[in-house]
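# structural data only, the sequence is not supplied:
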């Protein structure tokens, strides 16, 4: 719903037969659970895409492996070594289901920090075994609503966040919104944010998926506007921004993290994105909360990857939530799925050291269709030096800005 690439990945997935997906443990092979001496969990993610459509996210698996190596090198979690099984769903529904069945067979304590385009098949397999499922980026309706699901993201609220900050700081914002199946929903959530911020839109421009000439769109967008709320994917931004620059745009860009603003968009369009505002769910990458992540990926990550990537960061965030949840459990308590699920259901304040606001997993969100979203806040980062991708926290805003009530007014 939020990231255009996700929508495309779901639509383009071909359902074909497949054998049991290969799931690599943190020791390089498959393994089953042992709750007495180690913590066994699984990450389900599309590391590869055999179809050749390039909908894979190999960085997510790389970050997960780096996290397991880092934690084990630092003594594990309360002395328990981590056995992290990373299962490649291969952008394939049957392979994704195979991963979930492998999680049940291996008696994992949880399926954590997962993103898979075909995640709809995961929860029905995990639910009978009562294995908790903490997706880092929810895709299927069950990801947002099932009792075993505890997503560690607030990505839907970025919609209202972009509108809110535009309404607060801009006098004449224009919304540029990519044509997609969720267009009406997205625009309602954004418009509700603009209104809550005290503003109103000059106009809304729907950007077609297959547009080849952005010049007329750019010319229309800058007329009478002081800010542009740009909602779409990185492909749209890479074609739109040169047209805006050619049209002489000086408007402040308010965008979606890593898609229409933020790294690597800032560096590619420094003149346009300078002083822009990045609406996301994490503090800026310049914040000290990322120090361990940077050290972890530098030591155990692959040099071919750029880990200043939103998907990779989401994976790390989900793993950090899981790590701190397990650390909160008594050392005498076996790390089984039943005990992890019970701990999640009773946790009222789980800290991640400032990466997220504290999680209260006992309080579901009161909007139909999104009840399992426990974090409803967004962050705002100011593009300080676009040419090198440097962003800082937006002055005058809290570290985390609640968006739950505003989002509910727009979509409820």
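All right, it came through fine. All values derive from a computational prediction rather than experimental measurement.
# count of neighbours near the closest residue to residue 346 other than its chain neighbours?
Spatially, and ignoring its direct neighbours in sequence, residue 346 is nearest to residue 362 (6.7 Å; CB to CB, 6 or more residues apart in numbering). (C-beta placed from N, C-alpha, C; glycine too.) The local packing of residue 362 (other CB atoms under 10 Å) involves 12 other residues.
# surely residue 362 meets residue 350?
No - assessed by CB atoms under 8 Å, residue 362 is found out of contact with residue 350, at 10.7 Å.
# how many other residues sit next to the nearest residue in space to residue 258 that is not next to it in sequence?
Spatial nearest neighbour of residue 258, excluding adjacent residues (CB to CB, 6+ apart): residue 310 at 3.9 Å. The tally of other residues near residue 310 (other CB under 10 Å) stands at 20.
# contacting residues for residue 310?
257-259, 262, 280 (CB atoms under 8 Å, 6 or more residues apart in numbering).
# do the same with residue 377
With the criterion set at CB under 8 Å, 6+ apart, residue 377 makes contact with 154, 157, 281, 357, 400-404.
# and the gap between residue 351 and residue 323?
11 Å (CB to CB, to the nearest Å).
# which one of these two is surrounded by more residues?
Legend: neighbour count by other CB under 10 Å for residue 351 and residue 323, higher for residue 323 (21 against 13).
# from residue 377, how far out is that one?
From residue 323 to residue 377 the distance is 21 Å (CB to CB).
# over to residue 216?
In terms of CB to CB, residue 216 sits 37 Å off from residue 377.
# and if you look at residue 259?
Distance from residue 259 to residue 377, by CB to CB: 19 Å.
# go on, residue 151?
14 Å.
# residue 110 now?
The spacing between residue 110 and residue 377, counted by CB to CB, is 23 Å.
# and what of residue 362?
17 Å.
# can you name the residues that contact residue 379?
For residue 379, the contacting residues are 279-284, 393, 399-401, by CB under 8 Å, 6+ apart.
# any idea which element it lies in?
strand 377-385 (DSSP states H and E).
# how far out from the middle of the chain is stretch 110-124?
14 Å (CA atoms, centre = their mean, to the nearest Å).
# er, stretch 353-373 I mean
Mean C-alpha position of stretch 353-373 versus that of the full chain (CA atoms, centre = their mean) differs by 14 Å.
# buried ones in it?
355-357, 359, 361, 365, 367, 370, 372-373 (16 or more other CB atoms under 10 Å).
# ok, these vs residue 288, which is closest?
When those are compared for distance to residue 288 (CB to CB), residue 355 wins out at 10.6 Å.
# next one: that closest one from residue 262, what distance?
16 Å.
# which strands and helices sit next to the helix or strand encompassing residue 64?
Of the helices and strands defined by DSSP H and E, residue 64 is found in helix 58-73. In terms of contacts (3 or more CB pairs under 8 Å, 6 or more residues apart in numbering; DSSP states H and E), helix 58-73 is packed against strand 38-45, strand 81-88, helix 291-300, helix 310-328.
# follow-up on the earlier one: and the buried residues of stretch 353-373, which two are furthest apart?
Largest pairwise distance in the buried residues of stretch 353-373, by CB to CB, is 24.0 Å, between 355 and 367.
# all strands for the stretch 1-150 of the chain, in order.
Taking DSSP state E, counting those that start in this stretch, the strands of the stretch 1-150 of the chain run over residues 23-24, 38-45, 81-88, 111-114, 133-135.
# take the ones you listed and lay them out in TSV including mean pLDDT.
What follows is the strands of the stretch 1-150 of the chain, written out as TSV (pLDDT from 0 to 100):
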stretch	mean pLDDT
strand 23-24	72
strand 38-45	97
strand 81-88	98
strand 111-114	98
strand 133-135	96
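# so which of the ones you listed comes closest to residue 96?
Minimum separation from residue 96 across those (CB to CB) falls at strand 38-45, 6.6 Å.
# mind listing which of the contacts of residue 310 are in strands?
Counted as lying in strands by DSSP state E, out of the contacts of residue 310, are residue 280.
# from the contacts of residue 310, which two are the most distant?
Checked with CB to CB, the contacts of residue 310 reach their widest spread between 259 and 280, with 10.0 Å between them.
# hmm, who's touching stretch 224-233?
3-5, 159, 162-163, 166, 169-178, 186, 190, 194, 202-203, 207, 221-222, 236-237, 240, 244, 249, 251-256, 259-261.
# buried only: go through these for me.
Applying 16+ other CB under 10 Å to the contacts of stretch 224-233 flags 3-5, 159, 162-163, 166, 169-170, 172-178, 186, 190, 194, 202, 207, 221-222, 236-237, 240, 244, 249, 251-256, 259-261 as buried.
# so which of these are in strands?
Filtering these for strands - DSSP E - leaves 173-178, 207, 252-256.
# I'd like these as CSV, with distance to residue 141 and pLDDT appended.
Output for these, formatted as CSV (distance: CB to CB, whole Å; pLDDT from 0 to 100):
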residue, distance to residue 141, pLDDT
173, 31, 98
174, 32, 98
175, 26, 98
176, 28, 98
177, 22, 97
178, 22, 96
207, 26, 96
252, 35, 98
253, 32, 98
254, 29, 98
255, 27, 98
256, 22, 95
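# can you name the two of those that sit furthest apart?
178 and 252, at 19.4 Å, using CB to CB across those.
# who wins for proximity to residue 116 among the helices and strands packed on helix 58-73?
strand 38-45 (5.2 Å).
# same for the closest one, what does it pack against?
helix 58-73, strand 81-88, helix 93-105, strand 111-114, helix 310-328.
# and these, which is most packed in?
strand 111-114 (a mean of 30; mean count of other CB atoms under 10 Å).
# same list (the helices and strands packed on helix 58-73) but as TSV, adding distance to residue 147.
Output for the helices and strands packed on helix 58-73, formatted as TSV (distance: least, CB to CB, whole Å):
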stretch	distance to residue 147
strand 38-45	19
strand 81-88	23
helix 291-300	31
helix 310-328	17
